[in-house]
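*Asks:* Sequence first, then the predicted structure, then my questions.
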Amino acid sequence: MAHAHPHPHSSGHDSHDGHDSSSVPGSGGSGGQDRHPHQGGHSHAHSGAHAHSGDTVDGQAEILDLDAEVLAEHLASVTSWLPTGTPPRRIVDLGCGTGAGTFALLDRFPEADVTAVDFSAAHLQRLREKACARGVDGRIRTVQADLDDTVWPDLGAPDLVWASASMHHMADPDRALRAVRDALAPGGLFVVLELAGFPRFLPENAPEERPGLEERCHAASERYHAEHVPHRGADWGPKLTAAGFTVEAERALTVNIEGSRDAAVGAYALGSLRRLRGTVADGLPAEDLAALDRLLDTDGPHSILRRDDLEVRTERTVWAARRGA
């Protein structure tokens, strides 16, 4: 799927609150690390209600779509790993954004229908347009809702609920977890996919005039998020257990995608660093801010789009938890 966002009226897939987004063989245990070559596909999850400073709705949607494209193989691997048992027929995507998780789930479970929930009407409209283009609009229902409300819309007793990079935005995550448990059908599965932080794109020694700039930006971002998004980076296992779930599997994911020849990776890096700038500008030295602005100047000689050494590095964790029968 970061931010100056309001709480997640559910706009889940935060392309990168970390952002984003993440092949996961096996089940159970933590620490499985998977590296994927870039395949031109896909976030995760980002997620519409993440208003970053300087964001527009179109800008948010664009970065969510890029997150989905760059990290598609990773996301497909996550859905393939899920310990679903009987394939689900009714799925809910909480904080669906522009549909990265929704379409991955439809691909993985061809007999299922998905209810896509988000706060952003514009993102839901974009999702519906993509569904029509893919010929799957008959399998999707969209619901505009603020998941911080105490009363949720009727989600139809789903067999599987998917929340990618949306739970940490909740004003009261524990209440939201209980609401998911109550909504799920008996024996249903709840999948929480969360991010360790924003993706990294630059080598450690870049840019040449300010080596280590990206890490300093991330340090400033972490300080911001510690105050404004305190649940990001939380261990959701104990929270799920406290809400009445049985955690069946947990997996840590490492993504490292070579992007030197991929225009989508360049665009993803540009959009991500633009969003990051909106959060960290006040916390950076003037020299770092100037160097960041040179990277973001698409007409300048130091534009990030001119670099041939970009890659996508990110970490995510997925929890699969069962409601009792």
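*Replies:* Looks like it came in fine. Numbers count the residues shown, from 1 in each chain.

*Asks:* For stretch 304-318, measure first residue to last.
*Replies:* End-to-end distance of stretch 304-318 (C-alpha to C-alpha, to the nearest Å): 31 Å.

*Asks:* All further residue positions should be reported with the first residue as 415.
*Replies:* That works, and once the first residue is 415, the last one we named lands at stretch 718-732.

*Asks:* Any buried residues in that stretch, and which?
*Replies:* The neighbour-count check on stretch 718-732 (16 or more other C-beta atoms under 10 Å) flags 718-719, 721, 724-726, 728-732 as buried. Glycine gets a C-beta too; all of them are placed from N, C-alpha and C.

*Asks:* Going by distance to residue 685, which of those wins?
*Replies:* The closest of these to residue 685 turns out to be residue 718 (C-beta to C-beta; 10.2 Å).

*Asks:* Quickly find the element holding residue 679.
*Replies:* For residue 679, the element it lies in under DSSP states H and E is helix 677-694.

*Asks:* Run a quick neighbour tally on residue 497.
*Replies:* By other C-beta atoms under 10 Å, the residues close to residue 497 number 12.

*Asks:* and it, which of the three is it?
*Replies:* Secondary structure state of residue 497, per DSSP: H, G, I helix; E, B strand; the rest coil, is coil.

*Asks:* For it, list the residues it contacts.
*Replies:* 441, 603, 662-663, 734 (C-beta atoms under 8 Å, 6 or more residues apart in numbering).

*Asks:* Pick out the most distant pair among those.
*Replies:* 441 and 603 (11.7 Å).

*Asks:* With just CA atoms, put the strand or helix carrying residue 490 into CSV.
*Replies:* Here residue 490 is covered by helix 486-495, with elements defined by DSSP H and E. Output of helix 486-495 as CSV, limited to C-alpha atoms (Å, rounded to 0.1, in the frame of the first residue of the first chain):
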residue,chain,number,x,y,z
ALA,A,486,1.1,-8.6,-8.8
GLU,A,487,3.1,-11.7,-8.7
HIS,A,488,3.7,-11.3,-5.0
LEU,A,489,0.0,-10.8,-4.3
ALA,A,490,-1.0,-13.8,-6.3
SER,A,491,1.5,-15.9,-4.3
VAL,A,492,-0.1,-14.7,-1.1
THR,A,493,-3.6,-15.6,-2.2
SER,A,494,-2.3,-19.1,-3.3
TRP,A,495,-0.8,-19.6,0.1
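
*Asks:* roughly how far is that helix from the heart of the chain?
*Replies:* Helix 486-495 sits 13 Å away from the centroid of its parent chain (C-alpha atoms, centre = their mean, to the nearest Å).

*Asks:* which helices and strands does it pack with?
*Replies:* On a contact count with 3 or more C-beta pairs under 8 Å, 6 or more residues apart in numbering; DSSP states H and E, helix 486-495 meets helix 514-522, strand 659-672.

*Asks:* model confidence over it, on average?
*Replies:* The average of the pLDDT scores along helix 486-495 is 90.

*Asks:* same check, this time on stretch 687-701
*Replies:* Across stretch 687-701, pLDDT averages out at 91.

*Asks:* In this structure residue 538 contacts residue 556, no?
*Replies:* Yes. If you go by C-beta atoms under 8 Å, residue 538 and residue 556 touch, sitting 4.4 Å apart.
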